[in-house]
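**Q** No sequence on hand, only this structure:
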Ligand code: NOJ
């Protein structure tokens with residue numbers, strides 16, 4: 001194994017959603033050359049690495065999480081040569097690059113699935129997926145009662161060339177995303193090869209999609225409780241037979257050994273909706289993955305005690321296995337945090353918002369969102385940012401239903417608005433077409449008419465702007481070593497969360513009474529101005545020394 005510099009233990013990793021970051025050719029769809037051209041602005045922001053959501057050849061039924069070829073680039077986004085240029089340009093700027101690996105399912109357009117459809121039941125081609133005979137007379141009932149995460153049953157029946165109903169296949173997500181059979185050695189070999197393909201091209205690691213889902217309980221036992229749309233840390237009923245099965249860990253041990261053959265500390269990060277934290281920590285034991293997203297932190301209500309419990313619990317669970325804790329507030333699957341925090345504390349998390357739904361208090365959400373970010377960036381470990389959050393960009397909560405593209409919207413029978421509201425192309429320049437997203441007005445999801453105020457060029461070098469707050473926080477975090485520090489709690493009133501990390505005192509006030517800072521404390525950064533007498537107002541985070 002090569003010497004390691006452990007960059008990932010404290011890294012700030014910025015998620016790029018390629019469809020919506022920057023469009024180089026004006027077709028309304030973001031692309032790799034667009035990203036490459038804008039990488040400099042991420043260096044200026046001060047992040048350490050980028051993670052790109054999928055850009056592989058795909059019918060885009062689930063925005064690219066339906067992969068038809070794991071070794072290519074969809075012409076929508078460019079070419080393999082563009083990917084090479086992006087990786088080289090990022091490295092030239094000192095930014096590491098993670099790509100998204102989607103091993104739980106392929107697209108139904110993948111060559112393997114086409115082969116499986118053309119092959120006979122029981123054939124090796126069928127063995128790579130989870131095909132089963134149906135239950136009941138004529139096999140007309142699905143093989144079990146599992147629900148799909150996107151709504152409806154998790155099984156789809158196929159027909160033979162004469163149109164006669166035949167076997168069923170499992171799809172935990174969309175019908176166009178058949179689940180792979182990870183008990184099959186050919187599947188395992190293929191993904192090791194895919195890892196090597198991208199490692200050889202120089203990527204610094206992988207974000208692993210649905211990492212808790214690859215192995216299913218062998219008997220595929222019935223289970224019919226709601227499988228909420230990526231909203232679900234907690235489940236009703238007995239332990240779900242499709243999630244967090246013991247067998248997944250063997251896969252990650254094998255992958256870890258592959259990554260460790262490469263120089264330069266390449267990493268694996270798990271997207272695993274698993275709880276409690278001790279269960280999640282099993283994914284980041286020393287011979288498995290490096291990091292796992294801390295969705296419990298993202299899901300915590302805006303309240304001192306709840307956050308203290310989550311922070312302490314995650315640090316303890318990860319500490320026990322020697323892994324860094326990660327922190328995340330937003331991504332492409334959840335309502336953006338400045339919008340989420342604009343609703344009353346303690347309401348269940350919404351899975352998408354439409355014009356007819358109660359609307360958030362935007363001012364309050366931004367205020368709390370800035371405070372939440374300053375708290376997150378002061379915590380030891382690694383933090384994930386989602387494109388646009390550095391602009392204080394809200395969810396589009398009034399998107400017309402007829403432009404929605406998330407498969408969850410249709411499959412839920414139009415009961416879940418889905419995730420389009422956080423995926424709208426981001427604004428760079430207030431007065432340019434598509435706010436500088438691309439050279440034309442085109443944008444695959446419409447941009448709200450009021451987004452000029454969020455554009456980067458309206459915030460850069462503007463004291464007090466959200467962008468400058470992120471930039472200052474990232475600079476201080478690095479200079480003061482917050483990512484590699486150790487947290488100790490500081491006694492505080494019930495509505496206040498206070499801790500020390502690397503000599504910095506971090507105070508968030510959740511309550512109406514202004515919070516005192518210790519005598520002589522020097523304020524380094526605060527998410528909003530303090531009171532005239534130097535106290536911390538409600539919904540504000542302060543870093544002090
Ligand atoms: C998690 C991804 O983040 C999400 O966008 C996707 O729909 C599902 N996995 C299925 O791949």
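**A** Yep, that arrived. None of these values were measured; they are calculated from a predicted model.
**Q** what about residue 98, is that helix, strand or coil?
**A** strand (DSSP: H, G, I helix; E, B strand; the rest coil).
**Q** and it, bridged to which residues?
**A** Legend: beta-bridge partners of residue 98 under DSSP bridges are residue 51, residue 205.
**Q** I'd say it and residue 14 touch.
**A** No - with contacts counted by Cβ atoms under 8 Å, residue 98 stays clear of residue 14, the gap being 10.0 Å. No exception for glycine: its C-beta is placed from N, CA and C like everyone else's.
**Q** who touches both of the two?
**A** 49, 50, 51 (Cβ atoms under 8 Å, 6 or more residues apart in numbering).
**Q** got a list of what the second one touches?
**A** Residue 50 is in contact with 13, 14, 15, 16, 39, 42, 90, 95, 96, 97, 98, counting by Cβ under 8 Å, 6+ apart.
**Q** and the residue of the chain found nearest the ligand, how many neighbours?
**A** Relative to the ligand, the nearest point of the chain is residue 65 (3.4 Å; Cβ to the nearest ligand atom). Residues contacting residue 65 under the criterion other Cβ atoms under 10 Å number 24.
**Q** Also the one 10 residues further on?
**A** Using other Cβ under 10 Å, residue 75 has 9 neighbouring residues.
**Q** Mind pulling up the pLDDT for it?
**A** Residue 75 is assigned 98 on the pLDDT scale.
**Q** residues touching it, list them.
**A** residue 57.
**Q** Torsion angles phi and psi at the closest residue to residue 431 other than its chain neighbours?
**A** Excluding the flanking residues, the one nearest residue 431 by Cβ to Cβ, 6 or more residues apart in numbering is residue 452, at 7.2 Å. Backbone torsions for residue 452, taken as degrees, to the nearest 10, come to phi -50, psi -40.
**Q** Surely residue 452 touches residue 430?
**A** Yes - contact between residue 452 and residue 430 holds when scored by Cβ under 8 Å: they sit 3.9 Å apart.
**Q** Find the residues that touch each one of the two.
**A** When contacts are counted by Cβ under 8 Å, 6+ apart, the set common to residue 452 and residue 430 consists of residue 458.
**Q** count of neighbours near residue 527?
**A** 25.
**Q** do the same with residue 247
**A** 13.
**Q** ok now do it, which residues does it touch?
**A** By Cβ under 8 Å, 6+ apart, the contact list for residue 247 reads 182, 183, 214, 215.
**Q** now do 7 Å
**A** By Cβ atoms under 7 Å, 6 or more residues apart in numbering, the contact list for residue 247 reads residue 215.
**Q** now swap in the one 5 residues further on and tell me
**A** Listed by Cβ under 7 Å, 6+ apart, the contact set of residue 252 reads 268, 283, 288, 289.
**Q** Which of those fall in strands?
**A** With strands taken from DSSP state E, the overlap with those comprises residue 268.
**Q** give me the number of residues near the nearest residue to residue 110 once chain neighbours are set aside?
**A** Once flanking residues are discounted, residue 110 sits nearest to residue 68: 5.0 Å by Cβ to Cβ, 6+ apart. By the other Cβ under 10 Å criterion, the neighbourhood of residue 68 contains 22 residues.
**Q** swap in residue 312?
**A** Per other Cβ under 10 Å, the neighbour tally for residue 312 reads 14.
**Q** Counting neighbours, which bits of the helix or strand containing it end up buried?
**A** In the assignment (DSSP states H and E), residue 312 maps to helix 304-321. By neighbour count on 16 or more other Cβ atoms under 10 Å, the buried set for helix 304-321 is 304, 306, 307, 308, 310, 311, 313, 314, 315, 317, 318.
**Q** likewise stretch 493-513?
**A** By neighbour count, with 16+ other Cβ under 10 Å as the criterion, the buried positions of stretch 493-513 are 495-501, 504-510.
**Q** so can I have TSV of the residues you listed showing pLDDT, secondary structure and distance to the ligand?
**A** As requested, those are arranged in TSV below (pLDDT from 0 to 100; DSSP: H, G, I helix; E, B strand; the rest coil; distance: Cβ to the nearest ligand atom, whole Å):
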residue	pLDDT	secondary structure	distance to the ligand
495	98	coil	34
496	98	strand	34
497	98	strand	29
498	98	strand	34
499	98	strand	30
500	98	strand	34
501	98	strand	29
504	98	strand	33
505	98	strand	36
506	98	strand	30
507	98	strand	33
508	98	strand	28
509	98	strand	33
510	98	coil	30
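**Q** can you redo those as CSV with distance to residue 240?
**A** Listed next are the buried residues of stretch 493-513 as CSV, based on distance: Cβ to Cβ, whole Å:
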residue, distance to residue 240
495, 36
496, 38
497, 32
498, 38
499, 34
500, 39
501, 36
504, 41
505, 42
506, 36
507, 39
508, 34
509, 39
510, 33
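**Q** about what we covered before: quick check: the farthest pair among the contacts of residue 252?
**A** Of all pairs drawn from the contacts of residue 252, the one with the longest distance (Cβ to Cβ) is 268 and 283, at 8.9 Å.
**Q** which of the contacts of residue 252 tops the neighbour count?
**A** Within these, neighbour counts (other Cβ under 10 Å) peak at residue 283, which reaches 27 neighbours.
**Q** okay, it: pLDDT?
**A** Reported pLDDT for residue 283: 98.
**Q** Please apply the same query to the one 3 residues further on.
**A** Predicted confidence (pLDDT) at residue 286: the value is 98.
**Q** Now do the contacts for it.
**A** Neighbouring residues of residue 286 by Cβ under 7 Å, 6+ apart: 321, 322.
**Q** separation between it and residue 203?
**A** Going from residue 286 to residue 203 by Cβ to Cβ, to the nearest Å gives 22 Å.
**Q** same deal with residue 523?
**A** Residue 523 is 40 Å from residue 203, by Cβ to Cβ.
**Q** Neighbour count: the two, which is higher?
**A** Higher neighbour count among residue 523 and residue 203: residue 203, with 22 against 15, using other Cβ under 10 Å.
**Q** Next up, phi/psi of that one, please.
**A** Per-residue torsions, residue 203: phi -70, psi 150 (degrees, to the nearest 10).
**Q** wait, it sits on residue 87?
**A** Yes - using Cβ atoms under 7 Å as the test, residue 203 is close enough to residue 87 to be in contact (6.4 Å).
**Q** okay, and the common contacts of these two?
**A** Contacts common to residue 203 and residue 87, judged by Cβ under 7 Å, 6+ apart, are residue 97.
**Q** coming back round to it: pLDDT for the buried residues of helix 304-321 - can I get that in CSV?
**A** Compiled in CSV, the buried residues of helix 304-321 are given as follows (pLDDT from 0 to 100):
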residue, pLDDT
304, 98
306, 98
307, 98
308, 98
310, 98
311, 98
313, 98
314, 97
315, 98
317, 98
318, 98
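**Q** Out of those, which comes closest to residue 544?
**A** Ranked by distance to residue 544 (Cβ to Cβ), the buried residues of helix 304-321 are led by residue 304 at 17.5 Å.
**Q** these two touch, right, that closest one and residue 493?
**A** No - between residue 304 and residue 493 there is no contact under Cβ under 7 Å: 8.6 Å.
**Q** Sweet, I'm off.
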